[in-house]
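Visitor: After the sequence you'll find the predicted model.
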Amino acid sequence: MGEWFFELVRWLVHFLEAVGIVVILGGFVVATIVYIAHVGRWTTHQAYQDYRRRSVRGLILGLEFFVAADIIKTVAVDYTMENVLMLGVIIVIRTFLVFALHLEIDGRLPWKPDPAELEGRGGEV
């Protein structure tokens with residue numbers, strides 16, 4: 001393949017990484033603004049829980065962009081066994097991190113139904 005293809009892929013990887021950074025920072029900025037707007041109306045605990053949920057959602061979404069960039073870079077540019085193994089480690093760590101973050105903000109395992117949703121359906125599973 002031509003050098004232009006690898007340059008395009010490198011540009012795309014940098015773009016995805018930049019989007020990931022913007023999404024993470026944006027998530028924290030939005031969470032902070034909402035927190036400040038509601039701190040007087042909500043209890044401190046409610047405001048804190050909402051802040052955590054919003055900021056963690058931005059973090060999780062930003063991590064998706066980083067993983068996408070790593071996959072593209074590994075498959076299209078630096079396809080070596082070392083890089084594939086490193087990508088595997090990154091994906092395992094990211095999966096564990098997202099699992100732990102979901103457990104932290106929802107207070108339940110991801111495959112367990114949300115009690116609020118069950119109430120809306122009359123308790124059916």
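Guide: On my side now, so go ahead.

Visitor: Name the next helix or strand following the strand or helix carrying residue 12 along the chain.
Guide: If you go by DSSP states H and E, residue 12 is part of helix 3-38. For helix 3-38, the succeeding helix or strand toward the C-terminus, using DSSP H and E, is helix 44-72.

Visitor: what angle do that following helix and helix 3-38 make?
Guide: 180 degrees (axes from the mean of the first three to the mean of the last three C-alpha atoms, to 10 degrees).

Visitor: Beyond helix 44-72, next helix or strand please.
Guide: Downstream of helix 44-72, the first helix or strand assigned by DSSP H and E is helix 81-106.

Visitor: so what does the helix holding residue 12 touch, helix or strand wise?
Guide: Helix 3-38 sits against helix 44-72, with contacts defined as 3 or more C-beta pairs under 8 Å, 6 or more residues apart in numbering; DSSP states H and E. Glycine gets a C-beta too; all of them are placed from N, C-alpha and C.

Visitor: low-scoring stretches of the chain, by residue?
Guide: 1, 110, 116-125 (pLDDT under 70).

Visitor: go again using 50 as the cut-off
Guide: Across the chain, the ranges flagged by pLDDT under 50 are 125.

Visitor: one step back: off-centre distance for the helix holding residue 12?
Guide: How far helix 3-38 lies from its chain's middle: 11 Å, per C-alpha atoms, centre = their mean, to the nearest Å.
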